[in-house]
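3D, please:
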Amino acid sequence: MRTFDPDKYEPDVDPDFDGRPDTAGAFREQLRRDYEGMPLEKVMPGDVVENDYGSCYRLSAKSRGGLRRGDAGRARQDLLGSVSLVRGIRSKTQARLKEQGFKTLADLENHPRFSGESKRIRELLEAGSTEELTEVVGARLSKSHPSVLGLSGLHADSDFLFLDLETMGLFAGQPLVVAGLARLGPENNTITVDQYVVRDFPDELALLAEVNAQVAAHRVLVTYNGKSFDLPFLTGRSAYYGIGLKPPGVHFDLLHFCRRAWRDELEGCSLRSIEQSILGISRETDLPGKLVPEFYYEYLRTGNAGFLKPIVDHNRQDVASLVNVFSSLVELWAERRQ
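Residues are numbered from 1 along each chain as shown. Alright, predicted model coming up:
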């Protein structure tokens with residue numbers, strides 16, 4: 001089943017490795033010494049998950065934290081007052097309608113031309129149909145408009161799933177090796193992070209089944225650059241094995257919201273840049289994503305689980321940061337309204 005052959009892999013030497021020790025080679029040597037001969041379950045305690053497609057390894061951790069969602073009442077109020085959500089209404093038409101007394105969607109329900117769609121949008125708001133509303137608002141305003149993220153207030157904490165993947169390459173022809181999923185626990189201020197790990201490539205199918213089941217069980221998916229990478233990759237790898245992935249009802253890709261919020265303040269909007277500049281998080285030792293294939297290859301070649309550990313650590317920080325970045329965006333736009 002392997003589409004990636006470790007015996008043919010030639011790792012790139014990266015002199016600009018930005019973790020500690022100062023070079024990737026030195027870091028590899030340290031891992032080799034520290035974890036030589038230790039089994040995976042001792043390096044990273046977890047459990048084996050079995051399903052109809054095989055088995056994979058799972059790590060679970062809980063931490064204190066919560067999610068700041070949009071204000072549901074304010075989101076409804078803003079959208080009910082936005083007649084520009086109706087197709088055919090641009091700035092000039094909106095000004096003319098305002099002069100005629102059509103200032104809200106409710107007002108437009110008495111308009112001979114715009115009544116049908118204005119009523120539909122109002123009914124979607126009343127029903128909390130965010131799957132359709134995000135498409136309407138994104139198409140009429142912008143997919144990164146604060147009103148889109150504001151729709152998060154119409155959801156419960158249990159609706160959200162935060163996802164980040166580690167892979168052997170940028171294209172779906174290469175395998176997936178770690179999937180990190182964060183969920184908000186039933187207890188207040190609790191975040192659960194589950195990481196599914198491919199011990200060897202036959203585990204990938206079981207991992208995909210577990211991740212796909214979680215995506216299908218949640219109404220909202222949150223990623224960072226997931227519309228361009230994570231979701232297409234997950235879809236492609238699932239298709240390779242002939243299994244289906246139910247697309248998420250609502251997908252908040254935080255990269256686009258971060259660019260809108262902070263592009264004038266930051267030189268770049270990578271997740272690491274947002275962590276450092278907005279969250280105040282500095283990763284003292286972190287494996288860059290581009291070195292994941294090299295370190296995973298070393299793990300397969302040597303059997304030393306120490307080479308897998310920095311991949312897992314990197315993924316755990318990524319998926320945990322998604323929750324904090326989401327909350328920071330909601331707080332920022334709430335402050336700017338005041």
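
going forward, measure contacts and count neighbours with C-alpha atoms only.
OK.

So which bits of the longest strand out of those in the chain are buried?
When the chain is parsed with DSSP state E, its longest strand is strand 54-64. Within strand 54-64, the residues that count as buried by 16 or more other CA atoms under 10 Å are Ser55, Cys56, Tyr57, Arg58, Leu59, Ser60.

What is the nearest of those residues to Asn304?
Tyr57 (15.6 Å; CA to CA).

list the contacts for the closest one?
Tyr57 sits next to Gly46, Asp47, Val48, Val49, Tyr196, Val197, Val198, Arg199 when contact means CA atoms under 8 Å, 6 or more residues apart in numbering.

Quick check: the gap between the last one and Pro45.
Separation of Arg199 from Pro45 (CA to CA, to the nearest Å): 13 Å.

out of the two, which sits in the busier spot?
Arg199 (20 against 12; other CA atoms under 10 Å).

where do the helices sit along the stretch 1-150 of the chain?
24-35, 40-43, 72-80, 91-99, 105-108, 115-127, 130-140, 146-150 (DSSP state H, counting those that start in this stretch).

Tell me where the stretch 201-338 of the chain has helices.
Using DSSP H, counting those that start in this stretch, helices in the stretch 201-338 of the chain cover 204-217, 230-240, 254-262, 271-274, 292-302, 309-337.

Spatially nearest residue to the most centrally placed residue in the chain (excluding sequence neighbours)?
The centre of the chain sits closest to Thr223, judged by CA atoms, centre = their mean, with a distance of 1.3 Å. The shortest distance from Thr223 to any non-neighbouring residue, by CA to CA, 6 or more residues apart in numbering, is to Asp253 (5.0 Å).

Where do the domain boundaries of this structure fall?
Per automatic domain parsing, the structural domains of the chain span 6-68+155-337, 72-143.

With distance to Leu149 and mean pLDDT as added columns, please give those in JSON lines.
Shown next, in JSON lines, are these (distance: least, CA to CA, whole Å; pLDDT from 0 to 100):
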{"stretch": "domain 6-68+155-337", "distance to Leu149": "7", "mean pLDDT": "90"}
{"stretch": "domain 72-143", "distance to Leu149": "9", "mean pLDDT": "92"}
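
re the thing from before, how far away is the residue nearest to Thr223 from Val43?
33 Å.

More neighbours: which of those two?
Higher neighbour count among Asp253 and Val43: Asp253, with 21 against 15, using other CA under 10 Å.

Roughly how far does that one sit from Ser228?
Distance from Asp253 to Ser228, by CA to CA: 9 Å.

Could you do Asp34 as well?
Taken as CA to CA, the span from Asp34 to Ser228 is 37 Å.

Give me the more crowded residue out of the two.
Between Asp34 and Ser228, counted using other CA under 10 Å, the more crowded position is Asp34 (13 against 10).

Run a quick neighbour tally on the residue nearest to the more buried one when sequence neighbours are not counted.
Sequence neighbours aside, Gly306 is the residue nearest to Asp34 in space, at 7.4 Å (criterion: CA to CA, 6+ apart). By the criterion of other CA under 10 Å, Gly306 has 27 neighbours.

Now for Gly306: which residues touch it?
By CA under 8 Å, 6+ apart, the neighbours of Gly306 are Leu31, Arg32, Asp34, Tyr35, Glu36, Val43, Tyr299.

what about the residue nearest to the fourth one when sequence neighbours are not counted, distance to Val312?
It stands for Tyr35. Ranked by CA to CA, 6+ apart and with sequence neighbours excluded, the top spatial neighbour of Tyr35 is Gly306, at 5.2 Å. According to CA to CA, Gly306 stands 10 Å off from Val312.

Ala206: which of the helices of the stretch 1-150 of the chain is closest?
helix 40-43 (18.2 Å).

just how off-centre is the closest one within its chain?
Remark: helix 40-43 is offset 27 Å from the chain centroid, using CA atoms, centre = their mean, to the nearest Å.
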